[in-house]
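>>> Following is a predicted model, sequence given first.
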Amino acid sequence: MPNKEARQAPLPVRDGVAPSFLWLPEGSWPDIFSFLVERFPLVSAADWADRLARGEVVTADGIALRAGSQFRRGMRIFYYRELARETPIPFEEQVLFQDEHLVVVDKPHFLPMIPSGRFLQETLLVRLKKKLGLDDLSPIHRLDRETAGVVIFSSQQSSRGAYQSLFQRREVSKVYEALAAPLAGRAFPFVYRSRMVEGEPFFCMREVAGEANSETIVDVIEHRADATLYRLSPHTGRKHQLRVHMAALGVPIINDAFYPVALPCKADDVSQPLQLLARAIAFSDPLTGEPRRFESRRTL
């Protein structure tokens, strides 16, 4: 479960990782240990026994739970996510800007934004918390793991909502670059619109008939010998929007493993990055009214 209340948690941030929490559901288990083993089948019983013995599963009041502690529906418990093995991601992020409210980062390809699945320490959020010592850091928006470029984090809970609202009101200008095959028969720039919904497999999106809910301006920056460099300006922020739109136009982004067809997972192969870059982001600062613009130093 996302750590929305980590700042109120009875466990501290440890090695850049905030504690996770969950509310105990309806059901009958003889004790906490039995529940945890059943609830998290990918974590061994021996591992849960060790965590409980170390006092690393606690109630909202900070009381350490033991293996034989009673299961009580509705109780909130806190614990740390741990991974026995995590493959290092051999690319580094760069901090482009930092003040008391914002941290702007140039994210590399392949680095996930936040802990999820098989990624914990090798995520941008955890790396930054450790590097900058900012336990309250939180992303204001997201980039796909496969996408590189500019992303903005909030370091102050008090001002976070003001910056988040800019994205909700679509008052942020975002420019991406992508490499793909040449697109013939079009006058540039042009606007592409479609209706996007969740698809199959579950992590993909697809286009369907109906009123458009996604919009991208497509332009050409330059034609190269082996590909065309496009400038993509999304007006909406649907999941995988640029990848879906380019594939629908018949020119999928180079090295896209999801569109137009989801390919078998390449595991930890980092030899062919998706040729998509969040080049720049601009907005009027909601606190000062000052124009802000941040640009990636990376190239495709």
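It's in.

>>> Tell me which helix or strand comes right after the lengthiest helix in the chain.
Assignment by DSSP state H gives helix 157-168 as the longest helix of the chain. Sequence-wise, the next helix or strand beyond helix 157-168 is strand 173-180, with elements assigned using DSSP states H and E.

>>> Please enumerate residues in contact with the next helix or strand after that following strand?
On the C-terminal side of strand 173-180, the closest following helix or strand by DSSP H and E is strand 190-198. Under the criterion C-beta atoms under 8 Å, 6 or more residues apart in numbering, residues 204-218, 238-239, 241, 244-245, 248-249 lie in contact with strand 190-198. The way it works is simple: take the backbone N, C-alpha and C, and place the C-beta from them, glycine included.

>>> Mind giving me the ChimeraX select for those residues, buried ones only?
Restricted to the buried members of those, where burial is judged by 16 or more other C-beta atoms under 10 Å, the ChimeraX selection command reads as follows:
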select :204,205,206,207,214,215,216,218,238,241,244,245,248,249
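
>>> Could you list which of the contacts of strand 190-198 belong to strands?
Secondary structure assignment (DSSP state E) places 205-208, 214-218 from the contacts of strand 190-198 within strands.

>>> Can you tell me the closest non-neighbouring residue to H141?
For H141, the nearest residue in space outside its immediate sequence neighbours is F167; the separation is 5.4 Å by C-beta to C-beta, 6 or more residues apart in numbering.

>>> what about the one you found, neighbour count?
If you count neighbours by other C-beta atoms under 10 Å, F167 ends up with 16.

>>> again with the one 3 residues further on
Neighbourhood size, R170 [other C-beta under 10 Å]: 12.

>>> What about it? Give its phi and psi, please.
Geometry field for R170 lists phi and psi as phi 60, psi 40, criterion degrees, to the nearest 10.

>>> distance of the residue nearest to P10 when sequence neighbours are not counted from M75?
Setting aside the residues directly before and after it, P10 is nearest to G62 in space (C-beta to C-beta, 6+ apart), at 3.5 Å. As judged by C-beta to C-beta, to the nearest Å, G62 and M75 stand 13 Å apart.

>>> out of these two, which sits in the more crowded spot?
Residue environment comparison for G62 versus M75 gives the larger neighbour count to M75, 15 against 11, counting by other C-beta under 10 Å.

>>> can I assume I281 sits in a strand?
Yes. The assignment for I281, made by DSSP: H, G, I helix; E, B strand; the rest coil, places it in a strand.

>>> separation between T288 and H101?
According to C-beta to C-beta, T288 stands 10 Å off from H101.

>>> between these two, who's got more neighbours?
When T288 and H101 are compared on other C-beta under 10 Å, the one with more neighbours turns out to be H101, at 18 against 9.

>>> How about the contacts made by the more buried one?
154-156, 159, 163, 287.

>>> Looking at the residues you listed, which one is closest to P88?
Within those, the smallest distance to P88 is 25.6 Å, found for S155 (C-beta to C-beta).

>>> which residues touch that closest one?
By C-beta under 8 Å, 6+ apart, the neighbours of S155 are 98, 100-103, 132, 134, 136-137.

>>> now L52
Listed by C-beta under 8 Å, 6+ apart, the contact partners of L52 are 32-33, 36, 65-67, 69.

>>> Quick check: it is in a helix.
Yes. Membership of L52 in a helix is supported by three-state DSSP.

>>> returning to what we had before: of the contacts of H101, buried ones?
154-156, 163.

>>> Right, I'll call it a day here.
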